[in-house]
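Novice: 3D, please:
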Amino acid sequence: MKPYFAHESAYIDQGCEIGEGTKIWHFSHIMANCKIGKNCNIGQNVVVSPQVILGNNVKVQNNVSIYTGVTCEDDVFLGPSMVFTNVINPRSAISRKNEYLSTKVGKGATIGANATIVCGNAIGAYSFVGAGAVVTKDVPDYALVIGNPSRQTGWMSEFGHKLDFDKEGKAICPESGEVYVLENKKVRKSEVPK
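Specialist: The predicted model follows:
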């Protein structure tokens, strides 16, 4: 018996590694040589292209295509119908399979519904890409980006709350009570209790 669940309408090609507790739903296609971690949820009508790597506990909502060159670390959330690309200048008549650019999505990041991630950009850990945003450059850890092209409008906690920094560069997540520090345009979680 397989350690994961795949709906009878899902296709899983040869050479895939799929972790224990992962669920793959209706009409999804997991292509050759993918690595999918434990306890992932792959929604309906999802395509995971060859050699994609998904960490543990990755949630992929309906109608998402994850193209070759994409790596998602643990605890990533990919919203409904969001889009990855893997070629910067595609043309139907010109094969550019040797020009795929990589995209790394950091631990705990969220990419909202209908967002587009242009290939070759890194999405930072615990960052939050708003619904419909078009990402054309790297997104820092904990950053909140929105719009087309996306622009940073704030910072997010690991629990997904917008952070309000005081004059000393400190903010508290309203849900977890964790303290965050803003220094040199970078955010980190404080090791010191509040």
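Novice: Show the contacting residues for residue 35.
Specialist: Going by C-beta atoms under 8 Å, 6 or more residues apart in numbering, residue 35 touches 16, 17, 52, 53, 54. Where you see a C-beta, it was placed from the backbone N, CA and C, and this is true even at glycine.
Novice: Residues in a beta bridge with it, which ones?
Specialist: residue 17, residue 53 (DSSP bridges).
Novice: how close does it get to residue 183?
Specialist: Relative to residue 183, residue 35 is positioned 35 Å away (criterion: C-beta to C-beta, to the nearest Å).
Novice: Could you look up the SS state of the residue of the chain positioned farthest from its centre?
Specialist: Relative to the centre of the chain, and counting by C-alpha atoms, centre = their mean, the farthest-placed residue is residue 167 at 31.7 Å. Going by DSSP: H, G, I helix; E, B strand; the rest coil, the secondary structure assigned to residue 167 is coil.
Novice: and it, what is it in contact with?
Specialist: Counted by C-beta under 8 Å, 6+ apart, residue 167 has zero contacts.
Novice: where does this protein have low pLDDT?
Specialist: 192-194 (pLDDT under 70).
Novice: Tell me how it divides into domains.
Specialist: 5-156, 164-194 (automatic domain parsing).
Novice: Show me which residues of the last one are buried.
Specialist: Of the residues in domain 164-194, those buried by neighbour count under the rule 16 or more other C-beta atoms under 10 Å are 170, 171, 172, 173, 178, 179, 180, 181, 182, 187.
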